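S.K.: Kindly generate the corresponding structure for this input.
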Amino acid sequence: MKIKVEIGEILKSKEINKMLENFSRDLEISVWIAGPEIEKINKVSKTWKEKPAKKEIKKCGFLQANCMPERIKMRKKAIEKKGPVDEICPLGLHIFTCPVYYNEELIGFFEGDGSKSKELDKTYEEEIEKISKKWKFNTEIVKNCIGYKTRVKSTEEMYSMMEMVISTINIYVKMIAERKAFSKELETFNKSIKQTARSLQMLGINTAIESARLGESGKGISVVANEIKKVGDSVFKEVTLVGDAIRRFKTK
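M.R.: Numbers count the residues shown, from 1 in each chain. Down below sits the predicted model:
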């Protein structure tokens with residue numbers, strides 16, 4: 001029995017949402033969960049700690065021309081590596097992408113950008129001024145969002161937290177798959193019991209018909225027929241309740 005897990009399903013977990021929120025806050029970085037389409041930036045989650053600088057560089061076309069193609073290249077590298085890939089973008093930010101798998105099948109990406117990669121000196125300021133002049137974006141907005149005056153997060157710190165997040169995501173993906181497999185088994189058992197209940201109901205009806213045909217001599221059979229039908233009705237009712245409980249379990 002093949003179980004399919006979609007990356008968006010993990011976002012129903014309050015724990016995952018809280019963890020991503022903490023990750024973005026502690027690293028001062030924007031993070032999100034994306035779908036499995038490699039060449040499409042298909043975010044299935046909100047973006048935690050999204051920075052105003054993104055709107056600024058999107059408005060001038062820098063994001064579409066530089067950031068999107070680089071993100072797609074990173075995804076392809078991450079798939080080849082089957083692990084996280086990180087780079088320093090032209091704006092001096094540490095950006096990353098982590099593929100998420102279930103049973104060797106790619107189901108999405110955990111990604112982020114915005115962590116300052118190095119102490120920003122005069123040379124960096126000149127580079128940003130040069131890029132902003134070419135693309136006509138507000139340098140101060142970008143510098144402030146990058147964290148021009150805040151401390152650098154070390155690569156070790158970033159990787160340590162990334163590993164924790166991706167490990168937790170993988171655990172939740174496995175839990176979702178196991179829950180789905182268990183639900184399918186329950187549904188199969190429930191369907192079988194439901195068919196048995198229907199058979200009991202029909203047996204009770206047919207026996208009642210036969211007892212009526214026999215007249216006086218069939219009175220004893222009529223009592224048994226009624227009891228069989230009662231059992232069938234009772235089982236069918238309980239099975240319906242179990243089916244409702246399974247559906248609720250699947251949606252949690």
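S.K.: got the buried residues for the host helix or strand of V235?
M.R.: Using DSSP states H and E, V235 falls within helix 219-251. By 16 or more other CB atoms under 10 Å, the buried positions in helix 219-251 come out as I221, S222, A225, I228, K229, G232, V235, F236, V239, V242, G243, I246. (C-beta placed from N, C-alpha, C; glycine too.)
S.K.: quick one, domains of the chain?
M.R.: For the chain, the structural domains run 7-153, 179-251, going by automatic domain parsing.
S.K.: Just say which of these is most tucked in.
M.R.: When the domains of the chain are scored by mean count of other CB atoms under 10 Å, the highest mean neighbour count falls to domain 7-153 (a mean of 17).
S.K.: which residues of the stretch 101-250 of the chain score low on pLDDT?
M.R.: Applying pLDDT under 70 to the stretch 101-250 of the chain picks out residues 114-121, 144-155, 217-219, 250.
S.K.: go with 80
M.R.: Applying pLDDT under 80 to the stretch 101-250 of the chain picks out residues 114-125, 139-159, 200, 204, 207-225, 227-229, 232, 236, 245-250.
S.K.: packing partners for the longest helix seen in the chain?
M.R.: When the chain is parsed with DSSP state H, its longest helix is helix 155-214. When contacts are defined as 3 or more CB pairs under 8 Å, 6 or more residues apart in numbering; DSSP states H and E, helix 155-214 packs onto helix 14-27, strand 93-102, strand 105-116, helix 219-251.
S.K.: Of all those, which one is nearest L63?
M.R.: strand 105-116 (10.4 Å; CB to CB).
S.K.: Among the domains of the chain, which comes closest to S160?
M.R.: Closest among the domains of the chain, using CB to CB: domain 7-153, at 10.3 Å.
S.K.: chain center to that closest one: distance?
M.R.: Chain-centre distance of domain 7-153: 19 Å, with CA atoms, centre = their mean, to the nearest Å.
S.K.: With stretch 184-199 instead?
M.R.: With CA atoms, centre = their mean, you get 30 Å for stretch 184-199.
S.K.: so can I have a markdown table of the helices and strands packed on helix 155-214 showing distance to G204?
M.R.: Shown next, in a markdown table, are the helices and strands packed on helix 155-214 (distance: least, CB to CB, whole Å):
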| stretch | distance to G204 |
| --- | --- |
| helix 14-27 | 48 |
| strand 93-102 | 46 |
| strand 105-116 | 48 |
| helix 219-251 | 3 |
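S.K.: Identify whichever of these lies nearest to R179.
M.R.: Across those, closest to R179 is helix 219-251 (CB to CB), at 7.5 Å.
S.K.: what distance separates the closest one from the centre of its chain?
M.R.: On CA atoms, centre = their mean, the centre of helix 219-251 falls 37 Å from the chain's centre.
S.K.: ok and it relative to helix 155-214, angle-wise?
M.R.: Counting by axes from the mean of the first three to the mean of the last three CA atoms, to 10 degrees, helix 219-251 points 170 degrees away from the direction of helix 155-214.
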